[in-house]
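Engineer: Sequence and predicted structure below; questions after.
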Amino acid sequence: MARKSASRRKFLQASGLAATGFFIVPRHVLGKGFVAPSDKLNVAAIGAGGKGQSDIAEFFKTGKVNIVAMADVDDRQAVASRKAQPKATYYRDFREMLSKEHKGIDAVSISTPDNTHANATLAAMQLGKHVYTQKPLTHDIWEARLLTEAAKKYKVVTQMGNQGGSGDGVRRAQELINAGLIGDVTEVHCFTNRPVWPQGIATPTGKFDVPKELDWDLWLGPAKAIDYNPAYLPFNWRGWWAFGTGALGDMACHIMDPVYRILPILYPTSVECSVANIWKGMWEEGNFVDSCPPSSIIHLSYERTDGKGTIKVSWHDGGLLPARPDELLPEEPFGNWDGGTLFVGTKGKLLTDCYGENPRLLPTIRMKENLPAPSLPRVPEGHYAQWINACIAGYGKATTSSPFEYAGPFTESILIGNLAIRSWMYKNPNLKGWNDKYLGRKTLLWDAKNMRITNFEEANQFVKRERRAGWELTM
């Protein structure tokens, strides 16, 4: 204890804190349930508007966080967060923020458009900062694999922002499935009403002045330089391949989470899809390749990791639905407004709402059976506080629901669906006529180890995108 006290005095003297009268108050002095200011986690936020605003608020309300810095490329979006956190130093460029503030930062929250997730996340991890990154973890498959490996290398606490992963619903669904109440799961259907923003539209045109509050070049991030257009922001970026990942990227991290969390699967072995056609006129297709489609269906095939065959997982978006289960009564809802997940087993079916909520056996009268008691640990503090607590405890001392070792492969699975969609939409410039697209007539075979489609070379351009100079990623 004497050596610890001497070391603390030396630290205070070296840092100049002793002269100011600032002292570190031990946690026990304040009593159980109170966190000393010196024990709080210093969090920096990359993205202060939109989802960033709500993420900052969620972290702050835990009472265990100091928001010490924020970065946002659009001053208009950051107004509310800056007002709520007046002590936080504000930047436009997150790279400048990390460079200047890193000594006072413990952890970083990333709530940017998908396009910049990987750059911001990797930069924070390379400084040894714990990271919370919004879903989907990355914009492309290669980035997801990179961040998975980076989390192992830099040994920081990680969490992807799919809050349902910490919910009671997915754990209850797992308990019901583990109890054998629907037998062996052979197929799953996931569905959503998204997109609720424009998709399947022509690339915007026109010349617009960049608002003085916006750094357009920073907003573009790794994407190729294009002229500013208000059609892309602050929210509709989700529907453009250069910045977002469409309905699948937005919602699959919620709706497919019960699938990936419960079932013995890792990487798909194949993918196929169908996409809504868009017509400009009679027999004249619209060339809307920059925008995600208005609706799609994707089929992923997984080999079970326990060696017991395959599981087929189907995704439906744009309001498309799988066949309604016969076991549902006419007035019973099929999922909720956001969507749902239907597990089909050899002995029955189980349905959840979006985020894995409200799991129920079908027919729902089965919920009156003698069901297994809850057995899996819950996360009563919630997804945000769970990450904060794990960061305070330190790497390897506590768990999170969606660490990158889970979220990385999960994100890869999701983005393989987008690879199939983009391959469908791709027009080979060297070919003409109706045969210049594969149009879903092929099953794409996925080599997960080498991250390649083995039977349609054009698809591999969507594994790893081209990045603008200055936005390269290296471990």
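Structural biologist: Looks like it came in fine.

Engineer: Neighbours of E213, how many?
Structural biologist: E213: 14 surrounding residues under other C-beta atoms under 10 Å. The way it works is simple: take the backbone N, C-alpha and C, and place the C-beta from them, glycine included.

Engineer: swap in A202?
Structural biologist: Residues near A202, counting by other C-beta under 10 Å, number 12.

Engineer: Leaving out the residues flanking it, which one is nearest to V344?
Structural biologist: Of all residues not flanking V344 in the chain, E187 sits nearest, at 4.7 Å (C-beta to C-beta, 6 or more residues apart in numbering).

Engineer: Bridged to the one you found, which residues?
Structural biologist: Beta-bridge partners for E187, by DSSP bridges, are K312, V344.

Engineer: Give me the local confidence score for R441.
Structural biologist: Per-residue pLDDT puts R441 at 70.

Engineer: separation between it and E272?
Structural biologist: Distance from R441 to E272, counting by C-beta to C-beta, to the nearest Å: 9 Å.

Engineer: again, but for S301
Structural biologist: Distance, S301 to E272, by C-beta to C-beta: 9 Å.

Engineer: now K308
Structural biologist: 23 Å.

Engineer: What of L300?
Structural biologist: Where E272 is concerned, L300 sits at a distance of 9 Å (C-beta to C-beta).

Engineer: now swap in T305 and tell me
Structural biologist: From T305 across to E272, the span is 22 Å (C-beta to C-beta).

Engineer: Please identify which of these two sits among more neighbours.
Structural biologist: Higher neighbour count among T305 and E272: E272, with 20 against 11, using other C-beta under 10 Å.

Engineer: So, low pLDDT: which residues of this structure?
Structural biologist: 1-38, 284-285, 287, 427-440 (pLDDT under 70).

Engineer: If we use 80, what do you get?
Structural biologist: Residues of the chain meeting the criterion pLDDT under 80: 1-38, 279-288, 425-441.

Engineer: wait, what's in contact with the spatially most central residue of it?
Structural biologist: Nearest to the geometric centre of the chain sits K135, at 1.4 Å (C-alpha atoms, centre = their mean). Applying C-beta atoms under 8 Å, 6 or more residues apart in numbering to K135 gives the contacts M160, G161, N162, G249, D250, C253, H254, A407, T411.

Engineer: now do F94
Structural biologist: F94 neighbours (C-beta under 8 Å, 6+ apart): I46, A71, A120, A123.

Engineer: so how far is stretch 143-163 off the chain centroid?
Structural biologist: Relative to the centre of its chain, stretch 143-163 is centred 11 Å away, using C-alpha atoms, centre = their mean, to the nearest Å.

Engineer: What residues of that stretch count as buried?
Structural biologist: 143-148, 150-151, 154, 156-163 (16 or more other C-beta atoms under 10 Å).

Engineer: show me where the stretch 201-350 of the chain has helices.
Structural biologist: For the stretch 201-350 of the chain, helices defined by DSSP state H, counting those that start in this stretch occupy the ranges 216-220, 246-255, 257-262.

Engineer: Please name whichever of the ones you listed is nearest to G319.
Structural biologist: Closest of these to G319 is helix 246-255, at 9.8 Å (criterion: C-beta to C-beta).

Engineer: From the contact counts, what lies against the closest one?
Structural biologist: Counting contacts by 3 or more C-beta pairs under 8 Å, 6 or more residues apart in numbering; DSSP states H and E, helix 246-255 packs against strand 185-192, strand 296-303, strand 339-345, helix 404-425.

Engineer: how about these in JSON lines, adding mean neighbour count and distance to G63?
Structural biologist: Output for the helices and strands packed on helix 246-255, formatted as JSON lines (neighbours: other C-beta atoms under 10 Å; distance: least, C-beta to C-beta, whole Å):
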{"stretch": "strand 185-192", "mean neighbour count": "23", "distance to G63": "34"}
{"stretch": "strand 296-303", "mean neighbour count": "22", "distance to G63": "41"}
{"stretch": "strand 339-345", "mean neighbour count": "23", "distance to G63": "33"}
{"stretch": "helix 404-425", "mean neighbour count": "25", "distance to G63": "26"}
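
Engineer: Out of the ones you listed, which gets nearest to P363?
Structural biologist: Closest among those, using C-beta to C-beta: strand 339-345, at 13.3 Å.

Engineer: And the helices in the stretch 51-200 of the chain, which stretches?
Structural biologist: Counting by DSSP H, counting those that start in this stretch, the stretch 51-200 of the chain has helices at residues 51-60, 79-84, 94-101, 117-126, 141-154, 168-178.

Engineer: just those helices: most buried one?
Structural biologist: Of all the helices of the stretch 51-200 of the chain, helix 117-126 carries the top mean neighbour count, a mean of 24, counting by mean count of other C-beta atoms under 10 Å.

Engineer: Now do the strands in the stretch 201-350 of the chain.
Structural biologist: Here the stretch 201-350 of the chain has its strands, by DSSP state E, counting those that start in this stretch, at 268-275, 279-281, 284-285, 296-303, 310-316, 339-345, 349-353.

Engineer: quick one, which of the ones you listed is nearest to G180?
Structural biologist: Between G180 and the strands of the stretch 201-350 of the chain, the shortest gap by C-beta to C-beta is with strand 339-345, which sits at 8.8 Å.

Engineer: thinking again about what came up before, next, format the strands of the stretch 201-350 of the chain as CSV and append distance to A398.
Structural biologist: Output for these, formatted as CSV (distance: least, C-beta to C-beta, whole Å):
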stretch, distance to A398
strand 268-275, 31
strand 279-281, 54
strand 284-285, 52
strand 296-303, 30
strand 310-316, 30
strand 339-345, 28
strand 349-353, 27
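
Engineer: nearest to N66, of the ones you listed?
Structural biologist: Nearest of those to N66, taken as C-beta to C-beta: strand 349-353 at 35.6 Å.

Engineer: Remind me what the closest one packs against, helices and strands.
Structural biologist: helix 168-178, strand 339-345, strand 360-362.

Engineer: returning to what we had before: state the pair within the contacts of F94 that is farthest apart.
Structural biologist: Farthest apart among the contacts of F94 by C-beta to C-beta are A71 and A123. That separation is 11.1 Å.

Engineer: which residues touch L362?
Structural biologist: L362 makes contact with P325, E327, L328, G348, K349, L350, L351 under the criterion C-beta under 8 Å, 6+ apart.

Engineer: and the closest residue to Y90 other than its chain neighbours, how many residues sit next to it?
Structural biologist: Residue nearest to Y90 in three dimensions, not counting chain neighbours: M70, with 5.4 Å by C-beta to C-beta, 6+ apart. A total of 26 residues lie near M70 under the criterion other C-beta under 10 Å.

Engineer: Cool, thanks, signing off.
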